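Undergrad: The following block contains a protein sequence and its predicted model.
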Amino acid sequence: MTRLKPDSRIDLSPTGGAPTPASASSPSETPTPDTPTVAGPETGRGKVVYKEAITEAVGDAESEEGGTSILDASANGLPIEADFDEEDDALDSVRVGSRAADYRAKTKALKKRFPGVIIVPGVDVLGDYLRHHTWSTLDCLEVFPWTRWLFSKTAMLEVPFILNTTEVAKRWPEAAAALGKTARNARMLFDPEDLHAWFARRLRTSVQQVLVPVSMLAQQPEALRQRFLELWDERLSAFYERERPVSRRNARTEKNPAFLGGWGLEDWVKPDYRELLWTWKEENDALAERQGVKPNRVRYESIEVPFPTDKLPRMLGQTAVSKTRAYDSKDVGNSTIRIFAWAKHELVMPETAARPESRMPPSGFTQGIALGGERFFEDYRIGLVDLWPARKVLDVFGEEVFRDADWRLDAGLCAWAKKDARFGPGLPPKAQAAMLGFV
């Protein structure tokens with residue numbers, strides 16, 4: 001797998017460059033300055049279980065497989081450290097010290113079992129947390145093709161979460177009502193921004209194929225698009241109105257009216273690039289012969305690219321990928337990933353989570369990169385693209401084209417995004433496969 005050289009413009013911080021509030025204001029009273037808090041590793045909102053109810057939280061944690069969250073408040077709050085007045089009765093001092101020691105022991109036990117649990121100094125400071133920690137475990141499971149077991153052995157041990165109880169809903173009814181149904185009834189609540197930052201660290205993102213916008217190779221991009229749109233109705237109507245479907249043998253010949261290689265668009269392309277277009281099948285067949293495999297079994301080089309910095313896409317398994325084309329087949333999913341240049345996001349498994357039946361690291365797939373950025377999004381929307389191996393793109397344009405690339409992810413393909421996120425063109429048009437010469 002080829003890794004791009006480090007670039008100072010790519011933010012590899014845990015939050016992917018996301019701003020972190022230094023001191024978010026709480027909708028209710030602010031804790032006193034001497035209240036102990038500990039900054040968290042993700043968004044900076046604090047990694048601190050709510051000292052009034054450690055006893056209940058530990059009990060809940062021991063009785064549930066998935067853990068607990070923001071702890072219930074009790075009337076007898078215990079300070080982390082007690083200040084003793086010299087005139088206090090010695091017996092009272094012993095009692096307070098014992099209770100503080102008991103609190104510390106239970107906190108330590110809870111943190112040992114759930115390292116990501118956030119401990120806060122009191123229920124009154126939870127307002128800010130509830131505005132951000134809005135995802136349940138089920139919400140987290142839906143963004144990557146993993147099991148609950150794998151989630152509990154990986155992300156749940158590292159991504160901060162708060163514990164949700166009836167006391168929280170009573171104290172913050174509006175925030176609780178704003179949660180989704182699953183989150184409202186969940187014990188653990190996560191911040192999707194924290195999960196995004198975790199994926200950015202734990203995933204190896206790569207592409208083997210790239211859809212290249214043809215107008216990026218043109219002398220006059222707008223003129224090329226105009227010519228393409230003039231031919232669109234005629235060519236696609238001829239394709240769909242054929243009495244007999246086009247065979248695979250003829251998919252990349254003049255017998256397939258939809259194949260872009262037969263539209264005569266080369267006249268608008270710069271001379272240096274004309275011979276590089278519409279050659280995927282010939283290059284694939286040659287590579288298959290060298291590898292001694294069938295054309296659909298060719299192994300392509302992977303080029304690593306940065307994970308999306310401003311959005312969290314829904315990463316799908318192969319069968320789920322096929323459903324974006326109205327199929328329900330793992331084989332169709334694999335071919336879709338290949339011919340539509342989807343990106344692969346492979347989970348780098350920690351040794352503690354490995355087990356014999358998990359030899360292959362789990363992977364999810366998303367729409368791939370968009371070369372040239374927003375300027376060429378329209379080419380992807382209308383299907384004016386050609387399929388190239390990622391290595392070919394790297395050899396022709398260099399590493400810079402990958403660094404400047406955007407993602408073809410629209411809002412519907414993402415589970416979460418920053419407020420200023422820029423969305424891409426989304427899924428390709430229905431006729432894209434036939435236009436690329438695949439039927």
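TA: Structure's in. What do you need?
Undergrad: center of this structure - which residue?
TA: residue 312 (3.5 Å; Cα atoms, centre = their mean).
Undergrad: Mind giving me the packing neighbours of the helix or strand where it lies?
TA: Using DSSP states H and E, residue 312 maps to strand 311-313. Packing contacts for strand 311-313, counted by 3 or more Cβ pairs under 8 Å, 6 or more residues apart in numbering; DSSP states H and E, involve helix 192-202, strand 414-417. The C-beta positions use only the backbone N, C-alpha and C, and glycine is treated the same way.
Undergrad: Check which strands are paired with that strand and give the direction for each one.
TA: Sheet pairing of strand 311-313 (DSSP bridges) gives strand 414-417 (antiparallel).
Undergrad: list the helices and strands the following helix or strand past the partner strand packs on?
TA: For strand 414-417, the following helix or strand on the C-terminal side (DSSP H and E) is helix 432-436. Where contact means 3+ Cβ pairs under 8 Å, 6+ apart, helix 432-436 is packed against strand 385-389.
Undergrad: Near residue 374, how many residues? Count them for me, please.
TA: 12 (other Cβ atoms under 10 Å).
Undergrad: That one contacts residue 425, correct?
TA: No: contact between residue 374 and residue 425 fails when scored by Cβ atoms under 8 Å: they sit 9.5 Å apart.
Undergrad: okay, and the helix or strand of this protein with the least pLDDT?
TA: Here the helix or strand of the chain ranked lowest by mean pLDDT, DSSP states H and E is helix 54-63, holding a mean of 43.
Undergrad: check contacts around the residue nearest to the centre of the chain.
TA: Taking Cβ atoms under 8 Å, 6 or more residues apart in numbering, we find residue 312 in contact with 143, 192, 195-196, 199, 414-417.
Undergrad: quick one: low-confidence ranges for the stretch 301-439 of the chain?
TA: 351-360 (pLDDT under 70).
Undergrad: what number of residues lie near residue 181?
TA: If you count neighbours by other Cβ under 10 Å, residue 181 ends up with 9.
Undergrad: how is this structure carved up into domains?
TA: Structural domains annotated on the chain: 8-201, 203-436, as defined by automatic domain parsing.
Undergrad: Now render those domains as TSV, adding distance to residue 1.
TA: Shown next, in TSV, are those (distance: least, Cβ to Cβ, whole Å):
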stretch	distance to residue 1
domain 8-201	17
domain 203-436	4
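Undergrad: Of all the ones you listed, which one is nearest residue 2?
TA: Of all the domains of the chain, domain 203-436 sits nearest to residue 2, with 4.9 Å by Cβ to Cβ.
Undergrad: Any idea how far apart the tips of the closest one sit?
TA: 30 Å (Cα to Cα, to the nearest Å).
Undergrad: Would you agree residue 168 is in contact with residue 122?
TA: No: assessed by Cβ under 8 Å, residue 168 is found out of contact with residue 122, at 11.8 Å.
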